[in-house]
Each structure stands twice: as C-alpha cells, then as structure tokens.
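**Student:** quick one, what's the 3D model for this:
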Amino acid sequence: MSTVFNFSAGPAVLPREVLVEAAADMLDWHGSGMSVMEMSHRGPEFMSIMAAAQKDLRELMAVPDNYQILFLQGGGLAENAIVPMNLLGRKAQPAVIDFIHTGSWTGKSIKEAGKYAQVNVAASSKATGFDRVPARADWALSADPAYVHICSNETIDGVEIGVPPDIAADTNDAPLVADVSSHILSRVIDVSKHGVLFAGAQKNIGPAGLTIVIVRDDLLGHALPICPSAFDWKIVAENGSMYNTPPTYGIYIAGLVFQWLKRQGGVAAMEQRNITKATLLYEYIDNSKLYFNRVAGVDRSRMNVPFFLRDETRNDAFLAGAKQRHLLQLKGHKSVGGMRASIYNAMPIEGVQALISWMQEFESAHR
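**Tutor:** This next block holds a predicted model:
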C-alpha cells in the first residue's frame, strides 16, 4: 500500500506500530482466545489493560497523587455539560463560570455551560477573528467564579495556550478547567496548575468515544442533582471507571499509544519533535507568497496549523493535487475555510516534509 499521510483533525492518525500491534491482537489478545472487544470489562484480562493504561498515563503526564484519572464515554463535547454538572455544586446557585474565548471550541463550551449557570466571557479574541490569546492583563475575571474554563488548544482556529494562566489571586482560588483534547501528551503540561483537565481521545490518543478526565480530589463530590450517576466523577472514581461499562477497546488502544509514547522517550521528547515539525511548516508558510496563517506567532498551535491560499479560487486544485500525492484531509473546517494540517504526535516529520514539498510545487506552478 502506498504511504499515506493523514492530516485529519480527528479522528486522527495513530502510530503505525500501534495499529500493527492491535491488528495482531484482534482475534486473540495475549493467548486469551478473545478479542479485547469481546472481553468482560470486569474480567482479569481487561482489568490488567485498564490498570496499565492508568498507570502509564499518570507516569507520562506526572499526574500528582491527589488527582484521579477517569476514563469516560461521550467525547470532549459531552464534557461541556458534564464539567458544570460536576463543579457547580461547590457554589451557591446561581453560580458564575468564567470563560476565556479563544475559538470555536470555547464557543461551544460557553453555549452549553449557559444551560446550567451564568456565563462570564472574561476575555475574547472573537473581534479579531480568533487570531490570538487575549492578553492576560485584559481578562475581566469574576471575583468568585465556580471555575475558569479555557480551551488550551483550539483545533479549528489553531490557537494554543502554552502556559497555564495564573488566576488564583483574582478569583478566590477558583479551579482552572482546561479542554486539552487536541494537544494532550504533545507537550509537557503542569497538571498541578489545573483543577480539571479533560480530553476526547480521538485526536492524539486513540479512537473516538473515549474521554479522559483528570480531576483534583477536592473537586469530587459536588455534582448537581441533575447529573447522571454514570457521569458523576465521584461515583466514577470510586468505581475505578467501571461504574458504567467503559469504552473498552478505546482504552486498550489508548494504552498501546501510552506505551508507544514511553518508547519514544516520553512527553518531553515528543514535545521537541512537535516543535521541529511545527516550526518547519510555519516557517515555510511565513516565507511564502501564496500561503498565509492568521494567528499571532506566539499563540500558534503546534498541533493544528490552519493556512490559506491568497487566491482561494485555487483551493480545489490544491486539495486535488494533495490527494494525488497521498496527502489527505487537508481541507479546513467549514466554519473558517482554507486548509488545515493537523500534525499530531503520530504524524512523522516525513509527512510534514511531503506536505511542504507539494506546497512548494503548487506555488511554483501558480506564481
């Protein structure tokens, strides 16, 4: 089969080693005679898979002991409802949730959270087309919010918050909640600076359907009465993510990815690779006369690189030529247009080089 480079934003490319191992295990996992998809989630075989995945993720992200790692269903979008239902019980109602609006995914979170609480958009870059993270000095945070929500990497708009903001002094120690769906495990993240981290697995970890929540112990046990038991973090934690049948195959693939990451040298080593890949692509775009990126340099995502042709009548020709060269899923999100290259952990540098080669060829032919 020809080498294909899949730049999809999610579900996204997985490490080839992981896919090969999963294929070998498909009919018979480790001599058990069963596929992982057939196993009881409470049987010793799957329990060992679950334990290893949780242990490896805790090690990879240096998750402190006073945080729980939960494996849930539903995806990152569903967590936009599950987060407020779990955290609003800490405050007298009606409570306020603060948001830093940096793109499309934060916008979805704001809309969903508004069903459960008053929303304060403390800062937004919407007026400038989500081309940056609003300057910290311009944030109008509430004095005592239930929590402060950020999307630390906007998959659609290509904006990334590299360093967790310090909000404690301005918010009466409100917990920081971060949607890290599209850059989890791509860079070192200080978990201790957050109350909650959550991520859909389908961008940098595994197949769609698995959600990972990392939550500090003191934030458990505050769910609103309307929160379904299967999504009450305290109940899920007490039952080792087994209260409801977990997404077993998604957890299995995630576990293989965690092991693959450890073989690559861990998150710090992967971060250096990602810096190299992103720098290579952005430098070409910035020096091009045909392509451009709208995001301020210091706030550019390493994982999701949107770019545009100065003559958009050539978009279809660019995409058709890319497909002929086995460069797939480069069309930008329908809400913003243009192109987007998602260069997650599993995208090798050869894929970025192949994309740049095609961009150069196309530009030369369309001067």
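**Student:** what does the host helix or strand of Gln353 rub up against?
**Tutor:** Remark: Gln353 resides in helix 349-365, with elements defined by DSSP states H and E. Here helix 349-365 makes contact (Cβ atoms under 8 Å, 6 or more residues apart in numbering) with 5, 7, 273, 276-277, 280-281, 284, 288-291, 314, 317-318, 321-322, 325, 327, 330, 341, 343. Where you see a C-beta, it was placed from the backbone N, CA and C, and this is true even at glycine.
**Student:** from those residues, list the buried ones, please.
**Tutor:** In the contacts of helix 349-365, burial by neighbour count holds for 5, 7, 273, 277, 280-281, 284, 288, 290-291, 318, 321-322, 327, 330, 341, 343, counting by 16 or more other Cβ atoms under 10 Å.
**Student:** pull the number of nearby residues for the closest residue to Lys91 other than its chain neighbours.
**Tutor:** Nearest residue to Lys91, sequence neighbours excluded (Cβ to Cβ, 6 or more residues apart in numbering): Ala146, at 4.7 Å. Residues near Ala146, counting by other Cβ atoms under 10 Å, number 29.
**Student:** only the buried residues of stretch 330-339, if you could.
**Tutor:** Neighbour-count burial for stretch 330-339 [16+ other Cβ under 10 Å]: 330-333, 336, 338-339.
**Student:** then stretch 117-134?
**Tutor:** 117, 119-120, 122-125, 130-134.
**Student:** do stretch 344-360 as well
**Tutor:** Buried positions in stretch 344-360, judged by neighbour count with 16+ other Cβ under 10 Å: 344-348, 351-352, 354-356, 358-359.
**Student:** looking at the residues you listed, spot the one nearest His366.
**Tutor:** Met359 (10.8 Å; Cβ to Cβ).
**Student:** could you pull up phi and psi at the closest residue to Gly297 other than its chain neighbours?
**Tutor:** Distances taken as Cβ to Cβ, 6+ apart place Tyr282 nearest to Gly297, at 7.9 Å, with adjacent residues excluded. The phi/psi pair for Tyr282 (degrees, to the nearest 10) reads phi -60, psi -40.
**Student:** for Tyr282, give its distance to Arg300.
**Tutor:** Going from Tyr282 to Arg300 by Cβ to Cβ, to the nearest Å gives 6 Å.
**Student:** state the pair within the buried residues of stretch 330-339 that is farthest apart.
**Tutor:** Leu330 and Val336 (13.5 Å).
**Student:** tell me the secondary structure for Phe198?
**Tutor:** For Phe198, the assignment made with DSSP: H, G, I helix; E, B strand; the rest coil gives strand.
**Student:** and it, how many neighbours?
**Tutor:** 25.
**Student:** mind pulling up the pLDDT for it?
**Tutor:** With respect to pLDDT, Phe198 scores 97.
**Student:** report the separation between it and Ala230.
**Tutor:** Using Cβ to Cβ, Phe198 is found at 16 Å from Ala230.
**Student:** please apply the same query to Glu38.
**Tutor:** Relative to Ala230, Glu38 is positioned 22 Å away (Cβ to Cβ).
**Student:** tell me which element the closest residue to Asn80 other than its chain neighbours is part of?
**Tutor:** Closest residue to Asn80 apart from its sequence neighbours, by Cβ to Cβ, 6+ apart: Glu112 at 3.9 Å. Counting by DSSP H and E, the element that carries Glu112 is helix 104-113.
**Student:** pretty sure Val148 belongs to a strand, no?
**Tutor:** Yes: assignment of Val148 by three-state DSSP places it within a strand.
**Student:** that one: what's it in contact with?
**Tutor:** Shown in contact with Val148 (Cβ under 8 Å, 6+ apart): 97-100, 122, 141, 165, 167, 171, 174-177.
**Student:** quickly list what it is bridged to.
**Tutor:** Counting by DSSP bridges, Val148 is bridged to Asp98, Leu176.
**Student:** send me the helix-or-strand element of the chain with minimal mean pLDDT as CSV with only the CA atoms.
**Tutor:** The helix or strand of the chain with the poorest confidence is helix 75-87; it has a mean of 92 (mean pLDDT, DSSP states H and E). Provided in CSV are the C-alpha atoms of helix 75-87 (Å, rounded to 0.1, in the frame of the first residue of the first chain):
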residue,chain,number,x,y,z
GLY,A,75,-16.1,12.8,23.9
GLY,A,76,-14.9,16.2,24.7
LEU,A,77,-18.1,17.9,23.5
ALA,A,78,-20.1,16.0,26.1
GLU,A,79,-17.8,17.1,28.8
ASN,A,80,-19.0,20.7,28.2
ALA,A,81,-22.2,19.6,30.0
ILE,A,82,-20.5,17.1,32.4
VAL,A,83,-18.0,19.6,33.7
PRO,A,84,-20.5,22.2,35.0
MET,A,85,-22.8,19.5,36.4
ASN,A,86,-19.9,18.2,38.5
LEU,A,87,-18.4,21.5,39.6
